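>>> When you get a sec, could you give me coordinates for this:
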Amino acid sequence: MTVKGAISRWWSFLLEVRRELDKISWPSRKEVMMTTVVVFVLAVVAALFFSIVDTASYNIVHFIIGR
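So this is what the prediction gives:
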């Protein structure tokens, strides 16, 4: 393969990448912020839930084995 052919293939590839990027529907800033808030809230809720279940399980096991 010649250098000219390699450069031509790379340039063609980059143009295809650019065309594909133009097809992407990017979220708005507001959508990103709302989604981020939802993720953080759900993470806190999950952490609280598993903390409660873990503490309850610990207490139940210790009650059963008598320690």
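>>> Mind picking out the helix or strand in this protein with the poorest mean pLDDT?
Within the chain, no helix or strand scores below helix 3-22, which has a mean of 90 by mean pLDDT, DSSP states H and E.
>>> so where's the protein uncertain?
Counting by pLDDT under 70, the chain contains low-confidence ranges at 1, 67.
>>> Could you pick out the longest helix of this protein?
helix 29-65 (DSSP state H).
>>> Geometric centre of the chain: which residue is closest?
For the chain, Val39 is the residue whose C-alpha lies nearest the centre (Cα atoms, centre = their mean; 9.4 Å).
>>> Now do the same contact list for that residue.
By Cβ atoms under 8 Å, 6 or more residues apart in numbering, no residues touch Val39. All C-beta atoms are positioned from the backbone trio N, CA, C, and that covers glycine.
>>> Quickly note the distance from it to Ala6.
43 Å (Cβ to Cβ, to the nearest Å).
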